[in-house]
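In: sequence and predicted model, in that order:
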Amino acid sequence: MTTIAETQKPAVQASAEVQAIHRRMLRRQRVRRALTYLLGIILSLWVIIPIWFIASMALTTPAVVRSFPKGVLPFIPLSTETMEFFLSSRGILPGIVNSVIVAVITLVLSTLIAAPAGYALSRFIFRGRDMFRLAILAVRAFPIVVLSIPLAVVFLRAGVYDNVYSLALMHTALALPTTILVLGSVFASIPYELEEAAMVFGCSRAQAFRHVVLPLVLPGIAASAIFTFVLSWNEVFAASILTVQNRTLPAQVLVNLNTSSEPYQFAGGFFMMIPALIFIFFIRRYLFNMWGQISK
Amino acid sequence: MASNSSTQSREQRKKSRFDWTPYLLILPSLIYLAVFFAWPMVRGLNLAVREDGAALALQTEPSRNSATAGQLPRGTEVNILDQQGNTIPPEELQQGNITTETWFQIRSQDSNGQPIEGWVSEQRIRVREADENGVPLAGTVRSVISSTADPQTSVFTEPNENSEVLGKLEARTPVEILSQTVLEVWYLIRAESGNGTVEGWAQSRYIRVFEDPSQGRIDQGNVSQFTTRFIERMLSDRFFMPAFGMTVLLTVLIIPAQFVLAIIMALVIQAELKGTGFFLYVFSIALGVSDLAVGILWYSIFTQLGYLNSILLSLGLIDQPLTYLSADTRYWIVIAIWLAELWRATSIVMVIVVAGMQAISREVLEAAEVFGANLWQRIRYIILPLLRPSLQVALILRTILALQVFAVVIALGGGEVVTVLANETYRQYDALRNPNMAAAYASFILLLSMITSIFYLRAIRSQEEVAE
């Protein structure tokens, strides 16, 4: 009898103890979660507040931009005047057109050239595969600055200097290594068995690719293409070196930076950020695929 | 990895037949990278250590196709022994009309003091009577030998082929040269023609500006030579040390702070709370923002009438706006650049770190937690060691990008007070029109990038060896 009582008693006590521990752990977990939220919110503010500032400057009147102390939206008048002033400045609209042309050519060229290489990396094991991967990584790591000067000299001699098409060729060279690795990981995420099954049912390799793989990888390819677009849209050093009259938007803004007014600068800065704000939202799910692959 | 193993088994089945498909698939990218990457890279390094036209090759005969007799550096004084008219083949001249070209037989001493003789084209040496500005004083009209072209030389009202023709001059007419256009493409000449005196513009290639010379100087070479001139000039450039020092300082300031911030961001995302998607979007926004835009963004905060002063003033901490981005307060410019780079480039490190963390198995972390490891211990002993490959890649990538920081510096420092290596490259190319010096700066950045990459790779490997 006593043994039963003794065995039961500690069990009851233990359960109380366990409950206490459980409560303590729950509390600790809740505190930790709250702290993590707090940290996340602070870090988000660190990113968002500067954007809020520049957006306030870009979306108001030039008179408000020049006033001091500076206010932020929605406490200052919302207006498109500053933006209109910027967009109607000399060289800005052609600059935007040039930037879009360069970015679109870069996107198309680099996707067309990189897709086969990415497919080869993900589907074949061939002699020299690791060498190829390593070479691509090395190319990715070389500085843009080193590439621009000799290309400028070469383009000058060939008579294709100051030309959006030659700038697009250069941007393609910059984007290609990243695009190859990213598309490689996009293809690798589609199981090879699907293709094999299609081939068992009588498709050729090309048919299997077109009807089975392509529909599945299109979103990934689109995400990579968007990223290439943003890369080219943002690139400023090579664009400043390789263009004189036909400047892209960042090159145009950079050249006028020291001589322009604050409304021009702030509107320009915000305008250049818009594609990033939109596109990163759409491709955020793919970012880890892209950059995660590069670190492997 | 299922796809990988099946590829392997397929490969084994097909072992007998060599598969060319992957090579065909990677061929376009290899060709593209060779043409637009490897070749320019080699040319860029070449540009930094080779000077075009530093020397002139002497020919054994008055013809471009003859053998080379030796080389003389630019600027050498030469004695002229003989001259001979020579017709330039049209494919070399690449112009519609064929004019005659005179070749000189010259004698001089080479760099070892040995006498050397050979033929050079008149285009390469300067032999003429000239005024103090280098404008020749007199010349004669050349003979034009061509079946299709006008044998006479036209004189125009303006230095422009579309302007009105004042008159035509026969070959060998003596002319007086009054002035010239930039690059000596046109001469303003005065000459006696059949119908009296003509004064107007003629193309310089139709006018011969020397008569029986005996002395000359090599004006323009056609051979490039190895030189350390550009590198020496770069090293002694007054902007070199400030730019180098600032680039290193910024790299050292930015990278550690960036990695700490990125790992914190990654931990917040790894906690997988509700709203992680929002945090993820916000943290990665900067990934797509251009460095120029970020520079301008932080300029709006640090400029004298900017947001920082507005906030401090409304909090009553200052009475009047302070100046941050001026030559007297260079440390504020450095702080502003540091914050801007931290804001902009942390996102890429964060993405790489998160991708690396996703590969760490959840069981390991849970086990550590069960055994009582606190957050710091888990980071120090589990997360960081397992993240090492990701961190290594991020470190190399970020250092190389930090070494070429450019637009942020221009936007916040104007490029004069605070300068960096990439900015000097741009200045040499754009403002000073010196591609060789720009290439020297660019090659220096490349060298720094390679040294740091190798350093990281070795440092991290030796750590692994110690651990073993």
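Out: Nice, thanks for sending it over. Residues are numbered from 1 along each chain as shown, chains lettered A, B, ... in the order given.
In: contacts only, for B:Gly277.
Out: For B:Gly277, the residues meeting the contact criterion (C-beta atoms under 8 Å, 6 or more residues apart in numbering or on different chains) are A:Arg284. All C-beta spots, glycine's among them, are computed from the backbone N, C-alpha and C.
In: what about 10 Å?
Out: Contacts were defined as C-beta atoms under 10 Å, 6 or more residues apart in numbering or on different chains; by that measure B:Gly277 touches A:Arg284, A:Arg285, B:Ile269.
In: burial count for residue 192?
Out: I'll assume chain A. Number of residues near A:Tyr192 (other C-beta atoms under 10 Å in any protein chain shown) recorded here: 19.
In: oops, wrong one, chain B.
Out: One way to gauge burial is a neighbour count; for B:Glu192, by other C-beta under 10 Å, it gives 13.
In: pretty sure it contacts B:Val198?
Out: Yes. With contacts defined as C-beta atoms under 10 Å, B:Glu192 counts as touching B:Val198 at a distance of 7.8 Å.
In: what sits in contact with each of the two?
Out: With C-beta under 10 Å, 6+ apart applied, the overlap between the contact sets of B:Glu192 and B:Val198 consists of B:Leu169, B:Thr173, B:Val175.
In: re the thing from before, so of the contacts of B:Gly277, which ones are in helices?
Out: B:Ile269 (DSSP state H).
In: buried subset of the contacts of B:Gly277, written for ChimeraX?
Out: In ChimeraX, selecting the buried portion of these, with burial taken from 16 or more other C-beta atoms under 10 Å in any protein chain shown, looks like this:
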select /A:284 /B:269
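In: and the contacts of B:Gly277, which is closest to B:Leu365?
Out: For B:Leu365, the nearest member of the contacts of B:Gly277 is B:Ile269. The distance, counting by C-beta to C-beta, is 14.5 Å.
In: how about the contacts made by the closest one?
Out: Going by C-beta under 10 Å, 6+ apart, B:Ile269 touches A:36, A:40, A:288, B:276-277, B:279-280, B:283-284, B:350-351, B:353-354, B:357-358.
In: how close does the residue of the stretch 101-250 of chain B found nearest chain A get to B:Ile400?
Out: When you check the stretch 101-250 of chain B against chain A by C-beta to the nearest C-beta, the closest residue turns out to be B:Thr247, at 11.3 Å. Separation of B:Thr247 from B:Ile400 (C-beta to C-beta, to the nearest Å) stands at 12 Å.
In: which helix or strand contains the nearest residue to B:Phe278 once chain neighbours are set aside?
Out: With C-beta to C-beta, 6 or more residues apart in numbering or on different chains as the criterion, B:Phe278 has its nearest non-adjacent residue at 7.6 Å, and that residue is A:Ser44. The secondary structure element spanning A:Ser44 is helix A:2-58 (assigned by DSSP states H and E).
In: please apply the same query to B:Ile231.
Out: Since the elements are taken from DSSP H and E, B:Ile231 ends up inside helix B:229-236.
In: helices or strands up against that helix?
Out: Applying 3 or more C-beta pairs under 10 Å, 6 or more residues apart in numbering or on different chains; DSSP states H and E, one finds that helix B:229-236 contacts helix B:39-49, strand B:50-59, helix B:240-270, helix B:421-430, helix B:435-467.
In: the ones you listed: which one's closest to A:Ser240?
Out: A:Ser240 lies closest to helix B:421-430 among those, at 6.6 Å (C-beta to C-beta).
In: looking at that closest one now, give me its mean pLDDT.
Out: On average, the pLDDT along helix B:421-430 is 90.
In: before we move on, what SS does B:Asp19 have?
Out: coil (DSSP: H, G, I helix; E, B strand; the rest coil).
In: and it, how far from A:Phe124?
Out: B:Asp19 sits 7 Å away from A:Phe124, going by C-beta to C-beta.
In: so who does B:Glu192 touch?
Out: Counting by C-beta under 10 Å, 6+ apart, B:Glu192 makes contact with B:Leu169, B:Thr173, B:Pro174, B:Val175, B:Glu176, B:Val198.
In: show me the shaky parts of the stretch 1-150 of chain B.
Out: Counting by pLDDT under 70, the low-confidence segments of the stretch 1-150 of chain B come to B:1-17, B:86-100, B:128-134, B:145-149.
In: quick check: phi and psi at B:Gly70.
Out: Note on B:Gly70: backbone dihedrals following degrees, to the nearest 10 are phi 160, psi -180.
In: tell me the bridge partners for it.
Out: Counting by DSSP bridges, B:Gly70 is bridged to B:Leu58.
In: what residues are up against the closest residue to chain A within the stretch 51-200 of chain B?
Out: Ranked by C-beta to the nearest C-beta, the top residue of the stretch 51-200 of chain B for proximity to chain A is B:Asp52, at 9.6 Å. Going by C-beta under 10 Å, 6+ apart, B:Asp52 touches A:Val153, B:Asn46, B:Gly221, B:Asn222, B:Val223, B:Ser224, B:Gln225, B:Pro435, B:Asn436.
In: can you add distance to B:Arg458 and neighbour count and give those back as CSV?
Out: Rendered in CSV, the data for the contacts of B:Asp52 read as follows (distance: C-beta to C-beta, whole Å; neighbours: other C-beta atoms under 10 Å in any protein chain shown):
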residue, distance to B:Arg458, neighbour count
A:Val153, 35, 22
B:Asn46, 29, 17
B:Gly221, 43, 21
B:Asn222, 45, 16
B:Val223, 41, 16
B:Ser224, 36, 15
B:Gln225, 36, 16
B:Pro435, 34, 22
B:Asn436, 33, 23
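In: want to throw those residues into CSV with distance to A:Ile48?
Out: Below are these laid out as CSV (distance: C-beta to C-beta, whole Å):
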residue, distance to A:Ile48
A:Val153, 43
B:Asn46, 47
B:Gly221, 59
B:Asn222, 60
B:Val223, 60
B:Ser224, 54
B:Gln225, 57
B:Pro435, 42
B:Asn436, 45
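In: between those, which sits nearest B:Val35?
Out: Proximity of those to B:Val35, judged by C-beta to C-beta, is greatest for A:Val153, which lies at 15.2 Å.
In: check contacts around the nearest residue to that closest one once chain neighbours are set aside.
Out: Nearest non-adjacent residue to A:Val153, counting by C-beta to C-beta, 6+ apart: B:Pro435, 5.3 Å away. The contact partners of B:Pro435, by C-beta under 10 Å, 6+ apart, come to A:149-150, A:152-153, A:156, A:241, B:44, B:47-48, B:52, B:230, B:428-429, B:442.
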